[in-house]
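Q: Build me a model from this:
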Amino acid sequence: MSNPSGGSLIKAPWPQRLATLAFFLVCFSVAVARVGESGGTSIKLDQVGYPLDGPKIAMVSAPAQTFEVKRVGDNVTAFQGKLSARTMDASSGDQVEAADFSRLRQPGTYYLDVPGVGRSWTFSIGPEVFSRTCYLAMRAFYGQRCGAAVDLGPEFPGYTHAACHLKGSFHPSSGKEGRRDIVGGWHDAGDYGRYMVNSGIATGTLLWAWEMFGSKLGSIKLNIPESGNGTPDILSEIRWNLEWMLKMQHDDGGVWHKQTSEHFCDVVMPEDDRLPSEVIGTGKAPYKSTSATADLAAVAAIAARVYEPFDKTFAARNLRAARKAWAWAERYPDVTFKNPPGISTGEYGDADCGDERLWAAAELWRTTGEARYNRYFVDHHAKYLPTLRALDAESWRVVAPMGLWAYALATCPDSDPHALADVRDAALAAAHETVERTRHNPYHVSLVAGDFLWGSNGLAANYGMELLIANALSTDRVFVETALDNVHYLLGRNTFSISWVTQVGANPFRHPHHRPSGADKNPEAWPGLLSRGPNAARQDPVLKALLPDLPPAKVYADDQSSYASNEVCINWQALLVFLLAGALP
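A: Numbers count the residues shown, from 1 in each chain. Here you go, the predicted structure:
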C-alpha cells in the first residue's frame, strides 16, 4: 500500500509533478465538457448493467423531467418514465433525480436518453450481467503474482511481466540472517511489497467467497497456468498467495510481518525492481508480530476446510500451520509492529491484536470444533460487537467483523447459544441500519460523508459484504438488493459517472497508482483493478492541489501519482470479488 503507512509517492521533481497535474486537470475538464454535452457525466448508472429482476435505477444531476431507455442498435424506446424530485446529496453537492426503470426486464444493451441532458453510457440488462466483471476482478490477482512470469494472453496482448523478486533474504530486524525461500505471493498494491496482515484479510475474504458462492464461482475459468488441474481456478489462484504466507511462518509458529525492500522502488516493471527483497521483523525478540501470526492462523484454518476436497495434504498442512500460529499467539498475545529504522515501506501497524486472535479462534472453531477455540471466542467476543456497526475502510486493521461473522456462520452444534445470539442480533441490526441509510442516500450507496477517506471504495464493497452475510444469516431480498446498490456505485452510479474498475464499462478510470500500469507500454491500465476512491483527507500532493472546498465525495483524481485516491490494493480487490460473486445468478 503506497502511503506513509503503506505505499509510495512516485518520485519526480516538483516542477514536473505540478506540470503533470496541471495537464491532467486541463485534460480532465476538457473531457468532462465533451462528455457532458452528450449527457454522459450528468447521467450516472452502472455501466456494466443490471440483473433482469430487482431495482434498476440511474441518477441524473442536471435539471430534467423525463427519460427514455433506448436499445442500442435500433434506438427503439423500451421504457419511458418521469424522473423523481431533485434531492441534494450532501457528500457530493449534487442535486440528484432518480430514473427508475425497474419494470424493464427485457435482456439487451441500452442507454438512457434524457431530454435536455443527453445520452448516457451504454449498459446491459441480463441474467449474467456481472459474470465478466467478476472474472476480470478475480483474474487481476493473477496479474499481481510475484515470483512468476505473467501473461494475460491473447485477450489482453502485451499485458505481461517476467518473473520477479526471485531472491529473498532476512533483514536484521527479523532476528535471522542469510537467504530465505520466500518467492511467491501477490504484490500488495501499487508497490511490490508483500504484507502478511493485508494478505490475511484479502485471502480470507476470497476463501469466504468460495465457501459462500462456490457453486457460482466454480465454473469461472481464469485462464491461469493452473487451469485444468482439477481444482477450481479461484482456489488455484488463492493458493499462489497461501503458499507464500506459509513460507513466512517460522518453525516456532510465529509469522514475520512483511517482505519488502527497505524503501519503495521507482515506477518500473516488477522484474526491473533490483532492490533486495527482505523478510522484515519487529527488530527485537520474538521478532514476529501477533497480528501477522493470528491472521495466518485464521486464514490457514479456513484453507484447511476449503482445500480438503481437492488436496487433503495441502489442507492438513494449513491446519498444522494454523495450530502452530495459534499457540505462538497465546504465548505472545500483544507483539505489535512498527517499521524498524531504515524501513519506509508500508507499515500496516496495529495497536490491538485482540481482533486478529478473535478471528483466528472463530475460524479454528469452525474447522476443528475444539472447545478451547470456542471458549476463547465466547470469553472475548462482546468487546468487539460494536465493530459491526462501524465497518472500517482499512479492513486489515479491524478484522473483528470477520471473527464475529465467522462464528455466526459456523455450523458447529456446540456453539454457545448466548454468544451466537449476540453476534446474529448485532450483525442483522447493523445490516438493517445499512439498508435504511442506503435507501435514503440520493445515490443509493451505503457510504456517508465521513466514509470518504482512505479506501472509500473498499468500504463501499465492505458494506456490500456485510449485507450478503446478513442475507446468509437471515434471508431477506432487501439485503441483496442493497448490496447491489454498492456494486452500481462502484461501476458508475456515482458523482463522477466513472467506473472504478479498470477496463470495465464505457467510462472507466485509466491511471491507477499501480507500477505495472505506469511502467509498461500498454495504452490502458491492467484490467479488473479497483481504485481506492475519493479521499477527503487529501493524503497526497495531487489531492491537496485540488480546489479546497470540494465536497468529500469529489476529492478524487484519476492520476497515477494520487496514491491516496487512485491506488489499487488486494484487500479491496478481494471485497470486490466477494461482492460480485454474491451478485452472480
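Q: for stretch 198-212, the distance to its chain's centre please.
A: If you compare the mean C-alpha spot of stretch 198-212 with that of the full chain, they lie 11 Å apart, counting by C-alpha atoms, centre = their mean, to the nearest Å.
Q: Using neighbour counts, pick out the buried residues of it.
A: Buried residues in stretch 198-212, counting neighbours by 16 or more other C-beta atoms under 10 Å, are found at 198-210, 212. Bear in mind the C-beta positions are built from the backbone N, C-alpha and C, glycine included.
Q: Now intersect those with the helices, please.
A: With helices taken from DSSP state H, the overlap with those comprises 198-210, 212.
Q: Where do the strands of the stretch 251-400 of the chain begin and end?
A: 258-260, 278-280 (DSSP state E, counting those that start in this stretch).
Q: Buried deepest among these, which one?
A: Neighbour counts (mean count of other C-beta atoms under 10 Å) averaged over each of the strands of the stretch 251-400 of the chain peak at strand 258-260, with a mean of 29.
Q: any residues touching that one, and which ones?
A: Residues from elsewhere that reach strand 258-260 (C-beta atoms under 8 Å, 6 or more residues apart in numbering): 168, 182, 185, 191-196, 248, 277-280, 292, 343, 345-346, 348.
Q: Kindly report the same for stretch 163-178.
A: With C-beta under 8 Å, 6+ apart as the criterion, stretch 163-178 contacts 146-149, 179-183, 192, 256, 259, 262, 269-271, 273, 276-283, 285-287, 340, 343.
Q: To what extent is the closest residue to Ser517 other than its chain neighbours buried, counted in neighbours?
A: Take Ser517 and drop its neighbours on the chain: the residue closest to it by C-beta to C-beta, 6 or more residues apart in numbering is Ala525, 4.0 Å away. Other residues near Ala525 come to 23 when the count uses other C-beta atoms under 10 Å.
Q: what's the answer for Val129, then?
A: The burial count assigned to Val129 is 20, neighbours taken as other C-beta under 10 Å.
Q: give me the beta-bridge partners of the closest residue to it other than its chain neighbours?
A: Counting by C-beta to C-beta, 6+ apart, Gly49 is the residue found nearest to Val129 once chain neighbours are left out, at 4.1 Å. On the basis of DSSP bridges, Gly49 takes part in beta bridges with Ser124.
Q: neighbours around Gly49, how many?
A: Around Gly49 sit 24 other residues, with neighbours defined as other C-beta under 10 Å.
Q: quick one: pLDDT of it?
A: Per-residue confidence for Gly49 comes out at a pLDDT of 98.
Q: wait, it sits on Glu128?
A: No - using C-beta atoms under 8 Å, Gly49 is not in contact with Glu128, being 10.0 Å away.
Q: residues touching Ala325, list them.
A: Counting by C-beta under 8 Å, 6+ apart, Ala325 has contacts 249, 253-255, 293-294, 296-297, 300, 360.
Q: Next, find the distance separating the closest residue to it other than its chain neighbours from Tyr376.
A: For Ala325, the nearest residue in space outside its immediate sequence neighbours is Ala297; the separation is 3.7 Å by C-beta to C-beta, 6+ apart. Ala297 is 11 Å from Tyr376, where distance means C-beta to C-beta, to the nearest Å.
Q: between those two, which one's more packed in?
A: It is Ala297, of Ala297 and Tyr376, that has more neighbours when counted by other C-beta under 10 Å, with 30 against 19.
Q: So, low pLDDT: which residues of this protein?
A: For the chain, the stretches flagged by pLDDT under 70 are 1-39.
Q: 50 instead?
A: Within the chain, the stretches with pLDDT under 50 are 3-37.
Q: quick one on the thing from earlier: so who does the residue nearest to Ser517 touch?
A: Ala525 touches 502-503, 509-512, 514, 517, counting by C-beta under 8 Å, 6+ apart.
Q: Helix or strand: which one has it?
A: Element membership of Ala525 [criterion: DSSP states H and E] is none; it lies in no helix or strand.
Q: related to what we said a few turns ago, from the contacts of stretch 163-178, which would you call buried?
A: With neighbours counted using 16+ other C-beta under 10 Å, those contain these buried positions: 146-148, 180, 182-183, 192, 256, 259, 269-270, 273, 277-283, 286-287, 340, 343.
Q: Just give the number of residues close to the closest residue to Gly185 other than its chain neighbours.
A: Using C-beta to C-beta, 6+ apart and skipping the chain neighbours, the partner closest in space to Gly185 is Trp244 (3.1 Å). The number of residues packed near Trp244 is 22, by other C-beta under 10 Å.
Q: Could you do Tyr142 as well?
A: By the criterion of other C-beta under 10 Å, Tyr142 has 22 neighbours.
Q: Help me confirm that it is found in a helix?
A: Yes - going by DSSP: H, G, I helix; E, B strand; the rest coil, the assignment for Tyr142 places it inside a helix.
Q: Okay, it and Leu467: tell me how far apart.
A: Taking C-beta to C-beta, one finds Tyr142 at 28 Å from Leu467.
Q: Please apply the same query to Gly403.
A: Gly403 is 18 Å from Leu467, by C-beta to C-beta.
Q: follow-up on the earlier one: could you redo the buried residues of stretch 198-212 as TSV and give each row distance to Lys521?
A: Conversion of the buried residues of stretch 198-212 to TSV gives the following (distance: C-beta to C-beta, whole Å):
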residue	distance to Lys521
Asn198	29
Ser199	30
Gly200	34
Ile201	33
Ala202	29
Thr203	31
Gly204	36
Thr205	33
Leu206	30
Leu207	35
Trp208	37
Ala209	33
Trp210	35
Met212	39
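Q: State the next helix or strand along the chain beyond the helix or strand containing Leu468.
A: With the criterion set as DSSP H and E, the secondary-structure element containing Leu468 is helix 456-473. Moving toward the C-terminus from helix 456-473, the first helix or strand encountered (DSSP H and E) is helix 477-490.
Q: next helix or strand past that next one?
A: Proceeding C-terminally, helix 477-490 gives way to helix 515-519 as the next helix or strand, assigned by DSSP H and E.
Q: how about the helix or strand just after that following helix as PDB, C-alpha atoms only?
A: Proceeding N to C from helix 515-519, the next assigned helix or strand is helix 541-544, under DSSP H and E. Extracted in PDB, the C-alpha atoms of helix 541-544 (Å, rounded to 0.1, in the frame of the first residue of the first chain):
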ATOM      1  CA  PRO A 541       0.000  16.300  -3.100                       C
ATOM      2  CA  VAL A 542      -2.300  15.700  -6.000                       C
ATOM      3  CA  LEU A 543      -5.400  15.800  -3.800                       C
ATOM      4  CA  LYS A 544      -4.000  18.800  -1.900                       C
END
